[in-house]
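Student: Provided below for reference: sequence and predicted model.
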Amino acid sequence: MNQPNENQFGRSPFGGEEKLASADLSTATVRGKLTADAPLDRLVWFKSGGPADWLFEPADLDDLLTFLAGLDDAVPVMALGLGSNLIIRDGGVPGVVVRLGKAFSSVEVQRDGVIECGGGASGILVSSTARDAGIAGLEFLRGIPGTVGGFVRMNGGAYGREVADVLIDCVVVLPGGQCVNLPASDLDYSYRHSRLPDGAIVVSARLRGDAGGDPAEIGAEMDRIAHAREETQPLRSKTGGSTFKNPPGDKAWRLVDAAGCRGLTMGDAQVSEKHANFLINTGHAASSDIEGLGEEVRRRVSESQGVTLEWEIKRVGRP
């Protein structure tokens, strides 16, 4: 990582006086793909939601930096990975949605159990690369349905470990086009949370595992994780993954079940019968049905169990 090591979040010093507002992006010069009124439902796991005002798929890091540096500060920017753990509301997403493609999906093995990975790389690819290199301790990433950029932002975790346990540092592009290298300590991690500001895009990260592991043993642990997910989660349904954060000392699924919400429906949205902390789209559910069902579950859990569940799934866009 050759970017300067900054620990202050700020606006970009790049770009001239003339910056592009959202309505003017048709004049932007990019090497990647910039699409107006771009459908997002096909890109998210729930298969619902409205379009993005603009969807930008940069050709590489320089393309991303140049584009963001020329963007008006008032234009909102959001990164989109695999589209898991996300509800796109039916009115669509204002501003620019940035989707990192192949140029940001590399995974490279370095010395001493370190792996450098692009923000668009999947957890499966990272964990598989670590396995092949005999690097243990990253098997849990096999159980996170998302990309490096997403799970670094939210401190993703599964099966007893989380990103905070393995992250060394990450390179982040801020909304104004400023590129900074942040050590893990600057992210102020807590359960499913970091201090990265809205619009910040994680373009790469370095993770540390344990060198000298046995690829066969690592692979067996990854297989165990994959089997456990298959057995307990509705992976073949249109779902967003874990819906609510586990409250201290308890499990969200247990509270949802105790409140009598397993199987509860709203339109084509349903609380999964297989795992009560998963919402699924059984047909053509609107995002308003999915989010509305989640809010109804929160209400019932609060009334019957005395616990207010906190959303883990991110909900974005216009109603």
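Tutor: On my side now, so go ahead. Numbers count the residues shown, from 1 in each chain.
Student: CA only for contacts and neighbour counts going forward, please
Tutor: Noted.
Student: and residue 307, what element?
Tutor: Under the criterion of DSSP states H and E, residue 307 resides outside all helices and strands.
Student: do you know how far it is from residue 78?
Tutor: If you measure residue 307 against residue 78 using CA to CA, to the nearest Å, the figure is 31 Å.
Student: show me what contacts residue 287?
Tutor: Going by CA atoms under 8 Å, 6 or more residues apart in numbering, residue 287 touches 48, 49, 87, 88, 89, 90.
Student: residues contacting the fifth one?
Tutor: Residues near residue 89 by CA under 8 Å, 6+ apart: 48, 49, 50, 287, 288, 315, 316, 317, 318, 319.
Student: from those, which would you call buried?
Tutor: Neighbour counting by 16 or more other CA atoms under 10 Å classes 48, 49, 50, 287, 288, 316, 317 among the contacts of residue 89 as buried.
Student: now do the same for the fourth one: its pLDDT.
Tutor: pLDDT, residue 287: 99.
Student: quick one, phi/psi of it?
Tutor: phi -60, psi -30 (degrees, to the nearest 10).
Student: quick one: strands adjacent to the lowest-mean-pLDDT helix or strand in the chain?
Tutor: Ranking every helix and strand in the chain by mean pLDDT, DSSP states H and E puts strand 157-158 at the bottom, with a mean of 94. Strand pairing for strand 157-158, using DSSP bridges, gives strand 161-162 (antiparallel).
Student: can you list the neighbours in contact with the strand it pairs with?
Tutor: For strand 161-162, contacts defined as CA under 8 Å, 6+ apart pick out 140, 155, 156.
Student: in CSV: those, plus neighbour count, distance to residue 118 and pLDDT.
Tutor: Output for those, formatted as CSV (neighbours: other CA atoms under 10 Å; distance: CA to CA, whole Å; pLDDT from 0 to 100):
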residue, neighbour count, distance to residue 118, pLDDT
140, 23, 18, 98
155, 20, 16, 97
156, 23, 16, 96
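Student: closest to residue 208 out of these?
Tutor: For these, the residue nearest residue 208 by CA to CA is residue 140; the value is 13.0 Å.
Student: distance-wise, check that closest one relative to residue 191.
Tutor: As for residue 140, its distance to residue 191 is 16 Å (criterion: CA to CA).
Student: buried stuff in the helix or strand encompassing residue 298?
Tutor: Using DSSP H and E, residue 298 maps to helix 287-305. Buried residues in helix 287-305, counted by 16+ other CA under 10 Å: 287-291, 293-294, 296-302.
Student: between those residues, which is nearest residue 268?
Tutor: Nearest to residue 268 out of these is residue 289 (CA to CA; 7.3 Å).
Student: check contacts around that closest one.
Tutor: The neighbours of residue 289, taking CA under 8 Å, 6+ apart as the test, are 266, 267, 268, 269.
Student: for residue 4, give me the pLDDT.
Tutor: Reported pLDDT at residue 4 in the predicted model: 42.
Student: over to residue 26?
Tutor: pLDDT, residue 26: 84.
Student: tally of neighbours for it?
Tutor: Other residues lying near residue 26 total 12 when counted by other CA atoms under 10 Å.
Student: and it, which of the three is it?
Tutor: helix (DSSP: H, G, I helix; E, B strand; the rest coil).
Student: pretty sure residue 80 is touching residue 101, no?
Tutor: No - here residue 80 does not reach residue 101: they are 10.2 Å apart, not a contact under CA atoms under 8 Å.
Student: which of the two has more neighbours?
Tutor: Neighbour count, other CA under 10 Å: between residue 80 and residue 101, residue 80 has more, with 24 against 18.
Student: if the more buried one is in a bridge, with which residues?
Tutor: Residues in beta-bridge contact with residue 80 (DSSP bridges): residue 99.
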